[in-house]
Structures are given as structure tokens and as C-alpha cells.
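Engineer: could you look at this predicted model? Sequence included:
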Amino acid sequence: MEVLDAQLRADPDRVRRLQALEEFTALYQHPLSKRSANTIPVVVHVLYRTGVENISQAQVISQIRVLNEDFRRLNADRDDAWSQASDTEIEFCLASIDPDGRATTGILRTQTNVEEFGVRDAVKFSSSGGADAWPAGDYLNIWVCNIGHDILGYAQYPGGSALTDGVVIDYRFFGAEGSVEAPYDLGRTTTHEVGHWLNLHHVWGDGGCGASDLVADTPDSDGPHLGCGHSRTTCGSEDMIQNYMDYTDDACMNLFTAGQKGRMQATLASTRSSLLRSHGCGAPGGGGDCQEQAVTLTLVTDGYASETSWSLTGPDGEVAGGSGLGDHQTVIETFCLPAGCYEFTIMDSYGDGICCLYGDGFYQLAGSGVEASGGTFGDRESVSFCLDEGGGGEAAGCTEVDLFEDDFERNYGNWLDGGADCFRSRLRSIEGGVSIYLRDNTSASVLTSPVMDLSGFESLTVSFDYLTSSMEEGEDFWLQLDRGDGFETAAKWTSGTDFKNDSTYRASITLEEDFGTANRVRFRNDASADTDYVHLDNISLSGCTNGPVGTVVAKLRGTGYEAPESDAVELDVRISPNPAEEWVSITVDEPGCELSLRTLDGRVVLGMDLQDTDTQIRTGDLPSGMYLLVVKSESGLRKVTKLILR
């Protein structure tokens, strides 16, 4: 109410707008029955200075769940104490489309230097350390921050400036899990403030007996109720202390009344009517309602979600991707995709998938032309699918063909290009088998047998996994094709921009032109030192053609080069004890290894070179939790092991 009073003083015309809304509300008759509830798109702006203020996605989702339960009267603590308790027929959804029509999670995070924002709307402007509002006519803006001054939250009544329209909640009282603090830990602060945003007043009318909240079926009371007391009688009737618009603890609130429902629906039918025409919760890429083909990803993470990431690539590159997920989190995203071929890849940096050692994680893709699921894999799993103009199956008029198969296990050898390029044991980040290994200005070619006739192909897609060491910025990596007249560069990456060292990633390049014949695909590295390398694996070459396919499948061919014995074994690293407390002993099977201990977000907290095969490191000064111990040998092998500190 203090915020409203300040706005009324600053804008005298606001009184007229509120009065007009009251006149409309008095005459408004809500339909007796509706086919569906009114749905309001929500964008949550998270402003944080400390880690605890940067609330998790799970905490945000819990708040949206509470809003829907409370406003639809699906809350588990509802009872029959008040016959006028009502389903308001209002629902909320996290936005899936931003104001520019792009896909979004509906959660925006902004780091700030502001310790406490107070109630003067500083949080609503980037110029004052906050975040600018999305268009108020299309979204309910909710800012979550450290308000300070023992304020739980505040809201803007209808009719105010669009630049400040929305609700502000302190991070300690937003949602029903995570950083929330009792007794306001069930999400009812946001339910209360959204009620104000939809033009509800406090049930005591912000005065004593005789003051009115302008709702006929909420009894008068003489003031707010705190705590979680039993029923009280003031103003000649029992007080409705369970109403969301009182000040009782979250555990004591459980209802809106039919009269409050009428006020909120009247607001949605007038001042806030544009929200009901918003496409903010539609399918990305389709202007709200998907005009192309919708594909939905459902992802449930395991207990080590920081290891998990995913990407969706299409004809024009990456469509979407995700990382930095919460443990045991559920992510649901819908993509509106044009015709073409796509590849979904899910990755686990530790190499143990997302099921079933540390939880029942899984992914599912469902929609036009794709139905796939999984969760038990190593460091990655990919699903390829094509969409046509009509909504499913293969790309319109185009057949996808695998042009050669990954045959590294049987074709173990050199690539006929000389130098140091050869097959060797994969690094431990790429489990099992062998990979192409490039270092110190070398190249490696895939020779096809027989020569592929690619005439008539509309597109050619080359996909592969890659892992780099400490390549310096500015060093290049090329993909080249030999179509009969020597190699031509098809694509190039520059390290420091597209490469992320010490991690495995999948690249997919789609080229669209007439290719004629092709007998070699070459990868080349211009690293300046032999310690800078690239490992390539799981190479696939596919084409899309309208003509006859013919015989185009080709196998990889090598020279029978025998790799050194040391290349065929993995690096052995033993840790004891694990979990550890003050000290941990580490044993490796090769001298001269490089060791680093990292947090799950990649920050190095300890690094050293091992002259021998045994060492001890002190861990008692480090915070408890899970770390990654990374060991790299002089021969290029690498192993990552989880270490838990108590």
C-alpha cells in the first residue's frame, strides 16, 4: 500500500484509472462456465549478488506450481471451512517465447552489485543494477532479489507504468524449496502479491472495522493477522484468517473467495486483457502458436546434474542447448522447427550417463517425426531425425543417407598423409576404442571406398566428436573435402573461440551445394606445439538427396599401422581414501603426469606436476563437496575421477 500511495502522489491521473476499473468491476459478470482457464505468461528476473541469491530453476518452478495450485484451488491444504472458497480459473506458465519470438526458459539471471533493493523499484531497471521489464502487456514480470528491510514482497496495482508493472519477491520467500525460510516457505508470498497485481486488497481493507476490501464475501476484520492462530471474531463476525490476502503464515493460508475471483477476472477482462492474447507460452519459432512442427524435450537429471549438458542442432547450426542444470531437475522445452534434419545430443562429462547410478534420469523427444528416449549411456548419446513440410518423417523430398560408417575398431592405422597423424587409444573422456589424433601441424584423412558419387545431393553433413588439449587462441582446425581436384576447405574453427579445452564436444556442419564426387574427407590441425592436440571420434557423414541413392556407403581405410603398446592401455589412477578428509593419496601408472583438482564448475583449486607415480595432497583446507581429479600423462592420456571431501 505504501508503494501504491507513492505512485498515486506521483501520478494523480492514476486515481481516475483505478476508479474506472472499479466501475467496470462492479458491473462485470464472470461467465458461469468456461472451456479453459485464463493463462498468464510469466517471466522471472533473478537478481543476485551472492550464490544463495541466485536461486535454482527448481525453486522457480516450485513457485509456478504453487501459483497454479492456489489459484485453481488444487492446493493440498484446502478445506471446507469456508463455502465461498473458489477456483479462480486463472493459471500461470513460465514463458517459452521472449519478446523477439525466440525460445526462452522464462528465467533471466542478472548479477548485480546491489546489496538490498528496497521498495522504490530500483530492481526494475538495469540502469540501477536491476533488470528491465519485458512488455507488461504480454508477461507478468516477477523480480526475485534481496529486498531487505524485512520486506517479503510488493506488487504494482493495475493501471501503473508498464516499465514497473509486476511483482517483486525477496529470494528467501519465493517458491517452496531451495533458499526459502519459514514461516513463509510455501510460496504464498507470491500468491498474495499476484492477488494485489490482479487488483485484490487486503481482507481487512487496510483499516479497522468498516473499512472494506470491496469484496462482499470476505468478512470485515479489524486488521491483519500474523502467525498461525486459531479462528478469531472481530467486527461482529469470524475473521477469514485463511485467506491469501491476510498476513498469516504460509501454512495457514488456503483460499480465495468467489468474490475475489470476480475482481481478478474483471481485471483480466479490462486493464490486463492483453495478457490473454499473449503468445508468451506458445511454441518457440512459431509466433506463439507453432506454425511449423513442434518437438518437445523432456529431461530429468540425476544427482550430478552439473555433469550434464545437451544441444539441438539443425540445418542452420545450433537451435538450442542447456547446461548448469540442477540435481534431479525436470526440464520441459518445446521447439517449433522448420523442415530439415536435426540432431539432439546429450552429454555427461564424467561418462556415466544420467541413469541409473545416481538417480533415474532420462530424456525424451516427442513430436513430428521423432519419438526417442534414453538415459543409460557413456559420455554422450545422439538422436538424428528429419521433419518434412507436412509434419513428420523424412525431410521433404529428401532421403538421408549414411555415407560411411564408424569403423575405427577394425581399421586401426595411419591415414596415408604422413607426419604424426595416426590412430591411437582414445583419451578417457572418449570411452573405448580409438580415435584420430592430430598434433603439431598434422592432418588426417578419411578415404572412402568406393569413391562416393554425391551428384544430386542437396546437402552434406559431417558430424564428429572432438577433444582438445591446451590449444592456444588463434590456432586453427580445418575440415577439408577432396572432390577429385585436391582438398578444399569446407569449414574452419579457431581455438579460443569455438574450442573448449579439456572437454568433449560434438560438432555438426551442414554444407549445401552440388558436391559431385568425393573420395576423401580431411581434418587438419595447425597447432604450434606437439603438446597441443585434437582427438576426433564418432565421425558420421550423411547426405540428403532427391535422386536415386545408389551405392555410396564407404568404409574407412587405413594402412595397418600398429600403435605402440602404451597407446592401447588407459591411464590408471588410484585414489585413497575416497571420500577423504585431511589427506588423499594418489597413485598413477606413469611418471611425469600433470594433476589438477577442480570444482564441478571447472575452477582449479589445486594443480601440480608429478615427478613420481605416488603423491599425497592435503585436502583439509578445502570445503567439503565433490571435486573432479584430472590427471594427464605425457603421452596424452587423460583420466577424470570423482573425489568427495568430507
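Structural biologist: Structure received.
Engineer: report the contact partners of the nearest residue to residue 78 once chain neighbours are set aside.
Structural biologist: Counting by Cβ to Cβ, 6 or more residues apart in numbering, residue 254 is the residue found nearest to residue 78 once chain neighbours are left out, at 5.2 Å. (C-beta placed from N, C-alpha, C; glycine too.) By Cβ atoms under 8 Å, 6 or more residues apart in numbering, the residues touching residue 254 are 75, 77-79, 85, 242, 244.
Engineer: what is the nearest of these to residue 152?
Structural biologist: Nearest to residue 152 among those: residue 244, at 13.1 Å, using Cβ to Cβ.
Engineer: how about the helices in this structure?
Structural biologist: Along the chain, counting by DSSP state H, helices occupy 2-10, 13-27, 57-71, 188-197, 258-269.
Engineer: so who does the residue lying closest to residue 612 once chain neighbours are set aside touch?
Structural biologist: Excluding its sequence neighbours, the residue lying closest to residue 612 (Cβ to Cβ, 6+ apart) is residue 591, at 5.8 Å. Neighbour list for residue 591: 610-613 [criterion: Cβ under 8 Å, 6+ apart].
Engineer: quick one: which of the residues you listed is most hemmed in?
Structural biologist: Within those, most neighbours by other Cβ atoms under 10 Å means residue 610, with 18 neighbours.
Engineer: now do that residue against residue 597, distance only.
Structural biologist: Look at residue 610 and residue 597: by Cβ to Cβ, to the nearest Å, they are 13 Å apart.
Engineer: same question, residue 362
Structural biologist: Computed with Cβ to Cβ, the distance linking residue 362 and residue 597 is 31 Å.
Engineer: returning to that earlier point: any chance of the helices of the chain in TSV with mean neighbour count as columns?
Structural biologist: Output for the helices of the chain, formatted as TSV (neighbours: other Cβ atoms under 10 Å):
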stretch	mean neighbour count
helix 2-10	13
helix 13-27	14
helix 57-71	22
helix 188-197	24
helix 258-269	22
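Engineer: how about those helices in JSON lines, adding distance to residue 250 and mean pLDDT?
Structural biologist: Shown next, in JSON lines, are the helices of the chain (distance: least, Cβ to Cβ, whole Å; pLDDT from 0 to 100):
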{"stretch": "helix 2-10", "distance to residue 250": "22", "mean pLDDT": "83"}
{"stretch": "helix 13-27", "distance to residue 250": "28", "mean pLDDT": "82"}
{"stretch": "helix 57-71", "distance to residue 250": "9", "mean pLDDT": "93"}
{"stretch": "helix 188-197", "distance to residue 250": "4", "mean pLDDT": "97"}
{"stretch": "helix 258-269", "distance to residue 250": "18", "mean pLDDT": "93"}
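Engineer: quick one on the thing from earlier: turn the contacts of residue 591 into TSV, columns for pLDDT and distance to residue 120.
Structural biologist: Converted to TSV, those look like this (pLDDT from 0 to 100; distance: Cβ to Cβ, whole Å):
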residue	pLDDT	distance to residue 120
610	82	57
611	79	61
612	81	63
613	83	63
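Engineer: out of these, what pair is the most spread apart?
Structural biologist: Across the contacts of residue 591, the longest distance by Cβ to Cβ is 9.1 Å; it joins 611 and 613.
Engineer: so residue 160 touches residue 14, yeah?
Structural biologist: Yes - with contacts defined as Cβ atoms under 8 Å, residue 160 counts as touching residue 14 at a distance of 6.6 Å.
Engineer: now the common contact residues for these two.
Structural biologist: With Cβ under 8 Å, 6+ apart, residue 160 and residue 14 have common neighbours residue 7.
Engineer: just the CA coordinates for stretch 113-130, please, in CSV.
Structural biologist: C-alpha atoms of stretch 113-130 as CSV (Å, rounded to 0.1, in the frame of the first residue of the first chain):
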residue,chain,number,x,y,z
ASN,A,113,26.4,-5.3,-7.0
VAL,A,114,23.3,-4.0,-5.2
GLU,A,115,23.1,-5.5,-1.6
GLU,A,116,19.5,-4.6,-1.0
PHE,A,117,17.0,-3.1,-3.5
GLY,A,118,14.2,-1.8,-1.2
VAL,A,119,10.8,-0.9,-2.5
ARG,A,120,11.5,2.0,-4.8
ASP,A,121,11.6,-0.1,-8.0
ALA,A,122,15.4,0.1,-8.5
VAL,A,123,15.3,-3.7,-9.2
LYS,A,124,13.2,-3.0,-12.3
PHE,A,125,15.8,-1.1,-14.2
SER,A,126,19.2,-2.2,-15.5
SER,A,127,20.5,1.3,-15.0
SER,A,128,20.2,0.9,-11.2
GLY,A,129,21.6,-2.6,-11.0
GLY,A,130,18.3,-4.4,-11.7
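Engineer: would you mark the buried spots in it?
Structural biologist: Neighbour-count burial for stretch 113-130, counted by 16 or more other Cβ atoms under 10 Å, picks out 114, 117-119, 121-124, 129-130.
Engineer: now residue 175: how far from residue 105?
Structural biologist: Noted for residue 175: a distance of 15 Å to residue 105, by Cβ to Cβ.
Engineer: again, but for residue 227
Structural biologist: Taking Cβ to Cβ, one finds residue 227 at 37 Å from residue 105.
Engineer: and for residue 259?
Structural biologist: 36 Å.
Engineer: residues contacting residue 123?
Structural biologist: 45, 47, 114, 117, 129-131, 143, 145, 147, 168 are the contacts of residue 123 under Cβ under 8 Å, 6+ apart.
Engineer: and if we set it to 7 Å?
Structural biologist: 47, 117, 130, 143, 145, 168 (Cβ atoms under 7 Å, 6 or more residues apart in numbering).
Engineer: now swap in residue 480 and tell me
Structural biologist: Going by Cβ under 7 Å, 6+ apart, residue 480 touches 487-490, 522, 524.
Engineer: now tabulate the residues you listed in a markdown table and tack on pLDDT.
Structural biologist: Compiled in a markdown table, these are given as follows (pLDDT from 0 to 100):
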| residue | pLDDT |
| --- | --- |
| 487 | 72 |
| 488 | 75 |
| 489 | 75 |
| 490 | 70 |
| 522 | 69 |
| 524 | 71 |
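Engineer: tell me the pLDDT of the closest residue to residue 328 other than its chain neighbours.
Structural biologist: Distance criterion Cβ to Cβ, 6+ apart; nearest residue to residue 328, sequence neighbours excluded, is residue 359 at 5.8 Å. On pLDDT, residue 359 comes in at 79.
Engineer: on that earlier part again, more neighbours: residue 227 and residue 105, which one.
Structural biologist: Between residue 227 and residue 105, counted using other Cβ under 10 Å, residue 105 has the larger neighbour count: 20 against 10.
Engineer: and stretch 584-597, end to end?
Structural biologist: Length of stretch 584-597, first residue to last, Cα to Cα, to the nearest Å: 12 Å.
Engineer: ends of stretch 313-321, what's the gap?
Structural biologist: 9 Å.
Engineer: go ahead and name everything in contact with that stretch.
Structural biologist: Stretch 313-321 is contacted by residues 103, 309-312, 333, 335, 337, 340-343, 508, 510 when judged by Cβ under 7 Å, 6+ apart.
Engineer: again with stretch 148-166
Structural biologist: Residues lying outside stretch 148-166 but in contact with it, judged by Cβ under 7 Å, 6+ apart, are 3-4, 7, 14, 17-18, 21, 116-119, 121, 124, 133, 136-137, 140-143, 167-170, 173, 184, 189-190, 193, 196-197, 199, 267, 271-272.
Engineer: start to end distance for that stretch?
Structural biologist: First residue to last in stretch 148-166 (Cα to Cα) measures 18 Å.
Engineer: returning to that earlier point: let's see which of the contacts of residue 480 end up in strands.
Structural biologist: Of the contacts of residue 480, the ones assigned to strands by DSSP state E are 487-490, 522, 524.
Engineer: can you show me the strands along the stretch 301-450 of the chain?
Structural biologist: For the stretch 301-450 of the chain, applying DSSP state E, counting those that start in this stretch gives strands covering 308-314, 317-322, 330-337, 340-348, 362-367, 370-374, 380-387, 399-405, 422-425, 434-439, 443-453.
Engineer: pick out the shakiest of those strands, pLDDT-wise.
Structural biologist: Among these, strand 422-425 scores lowest, at a mean of 30.
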